[in-house]
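Undergrad: starting from these lines, generate the structure:
(one chain, ligands or ions: 1)
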Amino acid sequence: MVKKILLSLTCFIFILKLSAQGNIENKANENDLISYKLPKLLISNSGKKISTPREWENFRREEIYSYFANNIYGIVPGELNFQEVEVLDFDKNALGGKAIRKQVNLIFKKGKKSVIMTLLIYLPNKKIKSPVFLAYNFEGNHSVNNDPSIIIYRSKENELTDEKHEESRENKRGGRESRWALNKIIDSGYGLVTIDYNNVDPDKNDFSDGIHSLLYNFGQIKPAKNEWGSISAWAWGMSRIMDYLETEELIDPKKVILFGHSRLGKTALWAGATDLRFSMVISNNSGCGGAAISRRRIGEKILDINTNFPHWFAKNFHNFNENESSLKVDQHMLIALIAPRPVYVASASDDSWADPEGEFLAAKEASLIYNIYGKKGIGIDKLPSTNTPFHGSVGYHLREGKHDVTDFDWEQYIIFANKHFR
Ligand code: GCU
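TA: Purely as a prediction, here's the structure:
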């Protein structure tokens, strides 16, 4: 009995000690004794306090960005632009006449290697430059809508022409329609630009294919420890698509909104942090390595993600397996890199693997930067109840239900975009 009391007393004193350590102190979970201390957004590595946009932009932002680049997602070790644009299809009478559909190949070449990115574009059938959502899809452009004119992409390795494969590809046509709310998007005056993320880098632990191999030095067979994993490669792909969108007369390049779900939500955040041309970023259920605070260790942890998906991040990130507290950053700082541009973080109530509360807290902490710009961040302190969206410069909602993208999510993104663009 005495032993038990002594043990509880020791635990109590331990927690008190941890709580006294800093001002951004959080407890991960009611029943969890693990406390964590977030690195401070507004204190530079040398201890300087940041209080103006200039101080933020001139050095604090850069030191945080470069830390994420070298230790988490990986730097892109060179430059490569598309050499050719091939227009495959242009139809002014798509989706029953209300949309323009365009399909385009962006062709990248280096030595004997090439990568082809096949874009599917739907735009409102109007004579104005449209704002667009730019988003990767998981299962091919033809999974996004039932439109029979969507070209089915066949990668070189996957050039199987037998009937069985043709049939299975056809079966996926429109298979992911419920995630895309395409009619809502078009009816609200927005376009959608999408591409299968495997076009840029196939999602497998193999660095011999995809865009990586086009930027290797002589004799190199995999990225160096601080170089790009697949998420960084996918983010790079978004920027190359942006290069093309800037030349597309039907699109307003000042209103390109990045959207991504799950691993592609992680990608959207990193792409938005890297490329300032994106004017808004939406991450849907992005979780570990996306919007969720890593130090909470709730749901998916760094060790889990690096074990199950060893190719997503830079090799350096593996140094932080079971070692989150030695990171000089946490994911609230990734969201902060997007400021002052509007950013939206969305969670789902049953998606405990992505740690909804951790996603919320990161969005809340990132709001400090928006305040420096004289903007309102998220505007709330506690995780809101389900289906109650908040649309400051930082948007947030906790949708009821599972890890997914639904019409409810899209409705919020369109309202958010309208609020900031119109
Ligand atoms: C896995 C992974 C997540 C990721 C998700 C997805 O669940 O652990 O980190 O977000 O896949 O991309 O679908």
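
Undergrad: quick one: contacts for the residue of the stretch 301-422 of the chain at minimum distance from the ligand?
TA: Using CB to the nearest ligand atom, the single residue of the stretch 301-422 of the chain nearest to the ligand is Ile305, 5.4 Å away. Backbone N, C-alpha and C define where each C-beta goes, glycine included. Ile305 makes contacts with Cys288, Gly289, Trp312, Phe313, as judged by CB atoms under 8 Å, 6 or more residues apart in numbering.

Undergrad: for the third one, helix, strand, or coil?
TA: Look at Trp312: counting by DSSP: H, G, I helix; E, B strand; the rest coil, its state is coil.

Undergrad: same question, the second one
TA: Secondary structure state of Gly289, per three-state DSSP, is coil.

Undergrad: number of residues surrounding the residue of the stretch 101-250 of the chain found nearest the ligand?
TA: Using CB to the nearest ligand atom, the single residue of the stretch 101-250 of the chain nearest to the ligand is Phe138, 7.7 Å away. Using other CB atoms under 10 Å, Phe138 has 16 other residues around it.

Undergrad: roughly how far apart are it and Ser347?
TA: 19 Å (CB to CB, to the nearest Å).

Undergrad: and for Phe108?
TA: Note on Phe108: its distance to Ser347, by CB to CB, is 35 Å.

Undergrad: rewinding a little: filter the contacts of Ile305 by proximity to the ligand?
TA: Cys288 (CB under 6 Å from any ligand atom).

Undergrad: and which of the contacts of Ile305 is nearest Ser143?
TA: Using CB to CB, Trp312 comes nearest to Ser143 of these, at 21.6 Å.

Undergrad: what residues does the closest one make contact with?
TA: Applying CB under 8 Å, 6+ apart, the residues contacting Trp312 are Gly229, Ser230, Ile231, Arg263, Lys266, Gly289, Ile305, Asn306.

Undergrad: could you tell me which of these are located in helices?
TA: Ser230, Ile231, Arg263, Lys266, Ile305, Asn306 (DSSP state H).

Undergrad: for the third one, give me its contacts.
TA: Meaning Arg263. Asp203, Ile231, Ser286, Gly290, Phe309, Trp312.

Undergrad: tell me the confidence at the last one?
TA: I take that to be Trp312. According to the prediction, Trp312 has pLDDT 98.

Undergrad: how near is it to Lys266?
TA: Relative to Lys266, and taking CB to CB, Trp312 is found at 8 Å.

Undergrad: which residues do those two both contact?
TA: Counting by CB under 8 Å, 6+ apart, the residues touching both Trp312 and Lys266 are Ile231, Gly289.

Undergrad: just give the closest residue to Thr388, not the sequence neighbours.
TA: His397 (6.9 Å; CB to CB, 6 or more residues apart in numbering).

Undergrad: list the contacts for Ile64?
TA: Leu41, Val329, Met333, Ala336, Leu337.

Undergrad: what bridges to the residue nearest to Thr388?
TA: Ala346 (DSSP bridges).

Undergrad: for the residue lying closest to Asp275 once chain neighbours are set aside, grab phi and psi.
TA: Counting by CB to CB, 6+ apart, Asp275 lies nearest to Ser239, which is 4.6 Å off, once chain neighbours are set aside. Note on Ser239: backbone dihedrals following degrees, to the nearest 10 are phi -70, psi -40.

Undergrad: now the strands for the protein?
TA: 25-27, 35-37, 84-94, 99-110, 113-124, 130-137, 191-196, 251-261, 280-284, 343-348, 390-391, 394-399 (DSSP state E).

Undergrad: reformat these as CSV; add distance to Arg60, mean neighbour count and mean pLDDT.
TA: Shown next, in CSV, are these (distance: least, CB to CB, whole Å; neighbours: other CB atoms under 10 Å; pLDDT from 0 to 100):
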stretch, distance to Arg60, mean neighbour count, mean pLDDT
strand 25-27, 21, 15, 52
strand 35-37, 18, 18, 93
strand 84-94, 38, 13, 98
strand 99-110, 34, 19, 98
strand 113-124, 34, 22, 97
strand 130-137, 28, 24, 98
strand 191-196, 33, 25, 98
strand 251-261, 23, 22, 98
strand 280-284, 20, 27, 98
strand 343-348, 18, 29, 98
strand 390-391, 26, 20, 96
strand 394-399, 18, 25, 98
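
Undergrad: make CSV out of those and add distance to Pro148.
TA: Formatted as CSV, the strands of the chain follow (distance: least, CB to CB, whole Å):
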stretch, distance to Pro148
strand 25-27, 51
strand 35-37, 52
strand 84-94, 11
strand 99-110, 11
strand 113-124, 13
strand 130-137, 17
strand 191-196, 17
strand 251-261, 25
strand 280-284, 28
strand 343-348, 32
strand 390-391, 37
strand 394-399, 32
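
Undergrad: related to what we said a few turns ago, contact partners for the residue nearest to Asp275?
TA: If you count contacts by CB under 8 Å, 6+ apart, then Ser239 has Ala271, Thr274, Asp275, Arg277 around it.

Undergrad: pLDDT value on the nearest residue to the second one once chain neighbours are set aside, please?
TA: Read it as Thr274. Leaving aside its sequence neighbours, Thr274 sits nearest to Ala235 (CB to CB, 6+ apart; 5.8 Å). Looking at Ala235, its pLDDT stands at 99.

Undergrad: next, count neighbours for Ala235.
TA: Residues near Ala235, counting by other CB under 10 Å: 27.

Undergrad: isn't it right up against Trp270?
TA: Yes - assessed by CB atoms under 8 Å, Ala235 is found in contact with Trp270 at 4.5 Å.

Undergrad: so what sits against both of the two?
TA: Tyr73.

Undergrad: pLDDT wise, what is the residue nearest to Asp275 at?
TA: pLDDT, Ser239: 98.
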